[in-house]
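Asks: any chance you can model this:
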Amino acid sequence: MIQYPVFAGRFWHITDLHLDPSYHLAQDPTKVCFSSKGAPATHAGLYGDFLCDSPYSLIQSAFTNMAPLTQPEDFIIWTGDSPPHVPPDELSTDLVIQVISNMTQTITQHFPNLTVFPALGNHDYWPQDQMPDSTNDIYKAAAALWKRWLEPEALTTLSQGGFYSQLVKPGLRLLSLNTILYYGPDKVTINMTDPAGQFEWLEKTLEKSAQSKEKVYVIAHVPVGYLPFVGNTTAIRKSHNERLVAIFRKYSHVVAGQFYGHTHRDSIMVLLDEQGYPVNSLFVSPAVTPIKSFWEQYSNNPGFRMYLYSNKDYSVMDIWQYYLNLTEANEKQRSDWRLEYIMTEAFGLSDLQPKSLLQLGLSFMLPQSKAFDKYFSHFMVDYNSSIRTESRHDHSLICCDWTELLPSYAKLIPTFLPQKRLRPWKS
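Replies: Sure, this is the predicted structure:
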């Protein structure tokens, strides 16, 4: 039996479920799922295909395997995106609400006694990405669906702007941000400096937490900082990214961790202050859905994770990442979810504090370092080791210019990928 330090707490992270109700095994591989958009899902099986979003059986298997690992004191963060990647005319507001409701009920059935803190994703709206800055049917539906987990004050701001704050336990507060308001494809908010007043609310909430000597976990769907596969491009609009980074720098003594989804891949970021000192650790969890575009060379195996944190200062101590080898599961008709890695053990770290993660990122640049190979394998959730090996010997490394790293903001430290082989995947 695994023993944890007596001062350690735990919480779980699930993200990007992307249920595709149309998924079924068909003789015509182009008809397996709407989410493949006509691409042939030639390896479809009981638990899905890498060209499709999640069948219900995959999501069920994830929660069935995760549930026995949980403890009564745990909580769950759920960082959005329940509907599938399909054209807008395949969905509607009612269908999006129906999928979110389905996933909410499924989570409740598997974890009836745990509190879940959700965040809205860019697909949790119709049309996708077009999150408004005021109350609407989906914000109100989310508040109604999640009232078993959230308090009245949290439900009020959720129904008005898609964000909220709630005390997890004395001394620890969770802020769920609606970063879709800052997402480039959101045409509704494109000319707004502070859509839904979320920046003002965020600063006031963090200031209040500082005065109350609380620590804060920030969760959201689309992360701040740079995308790990599109070069020098922020995940949200640059102006909004700069505003968020400025706020997180100001309150870095309050924010004990940031947790995101959206990219479908496993990555870490380090927020630096104006002097280049590491002040915040940011974690992007891999998705449950295994989907990739037809032209993309790599995807991810389905995953979920557990964070270990200190009950003394709420700093993140470790990550336990679990995954399903999708190819093997389909072949065996059985879902054997396994522990992929424990982060401190995998990289020889004492903790996951910003300074430690920055040093890890810097170590990837060393000529004899094998840590990058391991990191890239985890980035894909052990999807394909041959791609990992190829990438290590590719000199076209992307993410950010290393010479600009320290004076810049919220750069993705460790992800160096082969740019010439990649095509952006729209999450």
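Asks: drop to CA atoms for contacts and neighbour counts, all remaining ones
Replies: Fine.
Asks: for the stretch 301-427 of the chain, what spans make up the strands?
Replies: With DSSP state E, counting those that start in this stretch applied, the stretch 301-427 of the chain shows strands at 303-310, 316-323, 338-342, listed in chain order.
Asks: make a markdown table out of the ones you listed and add mean pLDDT.
Replies: Output for the strands of the stretch 301-427 of the chain, formatted as a markdown table (pLDDT from 0 to 100):
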| stretch | mean pLDDT |
| --- | --- |
| strand 303-310 | 98 |
| strand 316-323 | 98 |
| strand 338-342 | 96 |
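Asks: mind putting those strands in TSV, mean neighbour count and distance to Val284 included?
Replies: As requested, the strands of the stretch 301-427 of the chain are arranged in TSV below (neighbours: other CA atoms under 10 Å; distance: least, CA to CA, whole Å):
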stretch	mean neighbour count	distance to Val284
strand 303-310	22	11
strand 316-323	21	11
strand 338-342	16	15
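Asks: now those strands in CSV, with distance to Leu145?
Replies: Formatted as CSV, the strands of the stretch 301-427 of the chain follow (distance: least, CA to CA, whole Å):
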stretch, distance to Leu145
strand 303-310, 22
strand 316-323, 28
strand 338-342, 31
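Asks: of all those strands, which one comes closest to Gln258?
Replies: strand 316-323 (9.8 Å; CA to CA).
Asks: give me the most central residue, this structure.
Replies: In the chain, the centroid-proximal residue (CA atoms, centre = their mean) is Gly261; its distance is 1.4 Å.
Asks: what's the pLDDT at that one?
Replies: If you check Gly261, the pLDDT there is 98.
Asks: how about His264?
Replies: Looking at His264, the pLDDT reads 93.
Asks: just Pro55 next, same as before
Replies: 98.
Asks: show me the contacts for it.
Replies: For Pro55, the contact set (CA atoms under 8 Å, 6 or more residues apart in numbering) comprises 19-24, 47-48.
Asks: need the phi and psi values for it.
Replies: phi -70, psi 160 (degrees, to the nearest 10).
Asks: same check on the one 10 residues further on?
Replies: Main-chain torsions, Asn65, degrees, to the nearest 10: phi -80, psi -30.
Asks: ok, the residue nearest to the centre of the chain - contacts?
Replies: 15-16, 79-80, 220-223, 284-287 are the contacts of Gly261 under CA under 8 Å, 6+ apart.
Asks: any idea how far it is from Phe117?
Replies: 14 Å (CA to CA, to the nearest Å).
Asks: again with Ala220
Replies: Distance, Ala220 to Phe117, by CA to CA: 10 Å.
Asks: find residues that contact each of those two.
Replies: Listed as contacting both Ala220 and Phe117 by CA under 8 Å, 6+ apart are Ser176.
Asks: compare the two (neighbour count), which wins?
Replies: Using other CA atoms under 10 Å as the criterion, Ala220 and Phe117 rank with Ala220 on top: 27 against 22.
Asks: dump the residue contacts of that one.
Replies: Residues in contact with Ala220 (CA under 8 Å, 6+ apart) are 79-80, 119-121, 176-179, 259-261.
Asks: count of neighbours near Ser239?
Replies: Using other CA under 10 Å, Ser239 has 12 other residues around it.
Asks: any idea of the pLDDT on it?
Replies: So Ser239 comes in at 96 (pLDDT).
Asks: which stretches of the stretch 201-350 of the chain aren't confidently modelled?
Replies: 229-231 (pLDDT under 70).
Asks: how about the helices in it?
Replies: Applying DSSP state H, counting those that start in this stretch to the stretch 201-350 of the chain gives helices spanning 238-250, 326-332, 343-347.
Asks: please state the offset of the shortest one from the chain centre?
Replies: Think helix 343-347. Centre-to-centre, helix 343-347 and its host chain are 20 Å apart (CA atoms, centre = their mean, to the nearest Å).
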